[in-house]
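Enquirer: predicted model and sequence follow; I will ask about them next.
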Amino acid sequence: MAHCPYCLTAISERGFVCHACGAEKGYLYFNRQSRGLAFLLMIGFLAPLAAVLAILLYFQGMGMAFWLAVMIALGLGIFTVRRLFTGPIWYR
């Protein structure tokens, strides 16, 4: 059994919500809302990749807009990898 870090209530090892205090366990994103692992992967890897490909197809070259999109995609990718390594956390 695990314990809630806020109220120390016993929680199942696979539990993601403390029924006593309402704390949740999940992957936090920019707006401090919990999202699932699939959402984290989609926003962190697939959305930036789609944006880079769309800009590449639109401009058909390696212009400044392309490199800006690549830098944004790399930033989101690094943020996502960091979140994956730290794992889900408890928050209220």
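Expert: Received the coordinates, thanks.

Enquirer: contacting residues around the residue nearest to residue 48 when sequence neighbours are not counted?
Expert: Closest residue in space to residue 48, ignoring its immediate chain neighbours: residue 73 at 3.2 Å, by C-beta to C-beta, 6 or more residues apart in numbering. For every residue, glycine as well, the C-beta is placed using N, CA and C. When contacts are counted by C-beta atoms under 8 Å, 6 or more residues apart in numbering, residue 73 touches 48, 49, 51, 52.

Enquirer: go through the residues you listed and say which is closest to residue 27.
Expert: Closest approach between the contacts of residue 73 and residue 27, by C-beta to C-beta: residue 48, at 16.8 Å.

Enquirer: secondary structure element for that closest one?
Expert: helix 47-59 (DSSP states H and E).

Enquirer: run through who's touching that helix.
Expert: Taking C-beta under 8 Å, 6+ apart as the rule, helix 47-59 contacts 65, 66, 69, 70, 72, 73, 74, 76, 77.

Enquirer: now, of those residues, which are buried?
Expert: 66, 69, 70, 73, 76 (16 or more other C-beta atoms under 10 Å).

Enquirer: format those residues as TSV; extra columns: pLDDT.
Expert: Below are the buried ones among the contacts of helix 47-59 laid out as TSV (pLDDT from 0 to 100):
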residue	pLDDT
66	71
69	75
70	76
73	80
76	79
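
Enquirer: in helices, which of those fall?
Expert: Secondary structure defined by DSSP state H assigns 66, 69, 70, 73, 76 of the buried ones among the contacts of helix 47-59 to helices.

Enquirer: ok, the residue nearest to the spatial centre of the chain to residue 48 distance?
Expert: Ranked by distance to the mean C-alpha position of the chain (C-alpha atoms, centre = their mean), the top residue is residue 40 at 3.5 Å. Using C-beta to C-beta, to the nearest Å, residue 40 is found at 13 Å from residue 48.
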